[in-house]
Every structure is written in structure tokens, then in C-alpha cells.
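> Any chance you could fold what I've pasted below:
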Amino acid sequence: MDFKTYQREALGTDRVPTKGPDDMASLIVPMLGLAGETGQLLSEYKKHLRDGEAHRLFKERVSEELGDLMWYVANVASKFDLDLDEVAAANLRKTRGRFISGSTTSDSFDADLPDNERLPRRFEVELVDCDGGVSRRVRVVIDGEPFGSELTDNAYDPDGYRFHDVFHFAYAAVLGWSPVTRSLIRRKRKSRPLLDEVEDGGRAAVIEEGVAALAFDYARRHRMLDGVGSLDFQLLRTVKDMTSHLEVKLRTTGEWEQAILQGFEVWRAVHAAGGGRISVDLDAHRVDYLGPSAGCAD
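Purely as a prediction, here's the structure:
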């Protein structure tokens, strides 16, 4: 039986049909039913834990409770004028994007452009931490040449945000996307004026900086992600929403999760060492810490 047929036939057994748009009872009853049947399912599992093999009807009871849950799910969907087939398909898209990574990152956003407008497939970066008098400052060096402006923590209490370019390099490596990295290493796609304006311009860079700041604030509340293997889905969904009008919308929440986790793994190493050398590999979708930097020589 398919979802559409089940939903239609289940609605035919509804004892509290909707009487109008303001009929709250017809909505609250099936939602309370969901809570109640979930409790019944947990109760059956409790009996299984307590009684073991003596609870001979365990699977039958689980099947029955799941069936009741399905009925209430279908009823709630019907009363919100939702198609259960569409709900199920959307859920699969979400879960596949969350837990199945690597299906899209082989597609480059600049493969058909001149070499000087393409992100290099592999490069190394040195983050040099220097004494800036009032606060520490970080210089980004690639192949012996400094790129961009020197960064400070921009905070009253030093928190290592001056090393946050690591996050942009992680986005470039894992997602093949980073307007900030393109600007830093001068690989903006100027031969395509509209693409350059929308994808490599100031607005896209501000959004990327916003993603980095959002992830940093989240990480600060979770031990800077030390020992953390997965991220809150709400954070990932917010990131996806922030970037939904940009080319990176093709990347999944699972790929964003890997980009953020890899970025913080390297950030922790760089922060602990007071600077460092990192590799950025777009083919392997990896950013890695290579060791301490040579130090600041002003």
C-alpha cells in the first residue's frame, strides 16, 4: 500500500473530522494521539527490557503501536492539507543530504573558466601570529606572499577568532566554495561579470563571514567542537537558508557539517600552536594542519 492510499483510507475512519477552519478539537486530538502512542511504544520497550524473552508479543506490540502512530501521522497530515507522499519524499531528501555526503563536491563551480579564475586544486597556507601591540594579529601567507589584511580577534577577550580564515579555506576545500578565499588569493571570476558580482562580490563574502561567525558562536558553546562528531541540524539548516540563493545551495547539510568540523579541527591546532601551516586540497575535500609556522619576523 502506498502513502496516498493509506492516507485517504485512514481519513475515512476519522472519528473527529474537521468541522471548519477554527475547529481546534479535530487537530489537537490526533496530535495528542501521536504523543500517547509514542508513550505506548516506549512502554512496550520498557517491558522488553524488564522481561526479556518472556515478553513474547514484543514485536507484535511494536508493530501495532507503529501502525497507530502511522494513523495519527496520516490524520495530522490530512488536517493540515499535506500530502504524505510529499512529506515522505521531502524527509528522504533532508536525511540523505544530512547523512550522505560527497555526491556533489566533484562538481566544480569554476571548471569551465580560465586557470587564473579557478580555485587552485591544492595549496598551502601559513598563518603567522604577530604581536600587534594592543592585540595579536594574524598574517596570511601563501607561497611566501602575504594575502589580505592582518586580522585581530576584534574582541575584548582574546578568543582566537583572528585565525578564522581557516574556516574559509575549509569551505573552499570541502565545498569548492568560498568568496572570501577567492578574494584573498585573487581568483574572482571577472570574465563573467554577473557571476562575479553575485557569487564573488561583497554580499556573498558578507554572508560567508556571517556563516563563520555563526559557527564560531555555536562552537564556543560546545567546547570549540573538540570531541564533537556531529552538529545540531538547526545550525546546518540556518546555514543552508543563509546561502540558499548562492551556488553553494547545491551542497548538502552533511557536506556543510564536514566543512565546519574540519575547519574547527585545524583551527584548534593553529590556535594551540599560535599559528601554523595548513594544506587545502579541493580534490580530497580536506583541510589539514601541517605544523607550526616559522613565526613572525617584522
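> Please count neighbours and contacts with C-alpha atoms only from this point.
Fine.
> Next one: Met1, what pLDDT does it get?
Here, the pLDDT recorded for Met1 equals 87.
> how many neighbours does it have?
Residues near Met1, counting by other C-alpha atoms under 10 Å, number 5.
> cool, Glu257 as well?
Neighbour count for Glu257, taken as other C-alpha under 10 Å: 23.
> who's in contact with it?
Glu257 sits next to 230-231, 236 when contact means C-alpha atoms under 8 Å, 6 or more residues apart in numbering.
> before we move on, which element is it in?
Here Glu257, judged by DSSP states H and E, is contained in helix 253-273.
> How far off centre is that helix?
Taking C-alpha atoms, centre = their mean, to the nearest Å, one finds helix 253-273 lying 12 Å from the centre of the chain it belongs to.
> orientation of the following helix or strand past it relative to helix 253-273 in degrees?
Per DSSP H and E, the first helix or strand lying C-terminal to helix 253-273 is strand 275-281. Angle, strand 275-281 to helix 253-273, by axes from the mean of the first three to the mean of the last three C-alpha atoms, to 10 degrees: 150 degrees.
> For this structure, give me the ranges with low pLDDT.
21, 100-107, 297-298 (pLDDT under 70).
> quick one: the strands in it?
122-131, 136-142, 145-151, 275-281, 286-291 (DSSP state E).
> Show me what the longest one packs onto, helices and strands only.
Under the contact criterion of 3 or more C-alpha pairs under 8 Å, 6 or more residues apart in numbering; DSSP states H and E, the helices and strands touching strand 122-131 comprise strand 136-142, strand 275-281.
> Which positions in it come out as buried?
Applying a neighbour-count criterion of 16 or more other C-alpha atoms under 10 Å, the buried positions in strand 122-131 are 123-130.
> again, but for the third one
Judged by neighbour count (16+ other C-alpha under 10 Å), strand 145-151 contains these buried residues: 146-147, 150-151.
> Show me how far it is from its chain's centre.
Centroid separation between strand 145-151 and its chain, computed with C-alpha atoms, centre = their mean, is 28 Å.
> Counting by contacts, list what that strand packs against.
Strand 145-151 sits against strand 136-142, with contacts defined as 3+ C-alpha pairs under 8 Å, 6+ apart.
> what about the strand it packs on, distance to the chain center?
Centre-to-centre, strand 136-142 and its host chain are 27 Å apart (C-alpha atoms, centre = their mean).
> do the same with stretch 152-161
Computed by C-alpha atoms, centre = their mean, the separation of stretch 152-161 from the middle of its chain amounts to 25 Å.
> mind checking how far Leu34 is from Asn75?
Using C-alpha to C-alpha, to the nearest Å, one obtains 10 Å as the distance from Leu34 to Asn75.
> oh sorry, the question was meant for Ala284
Separation of Ala284 from Asn75 (C-alpha to C-alpha) stands at 47 Å.
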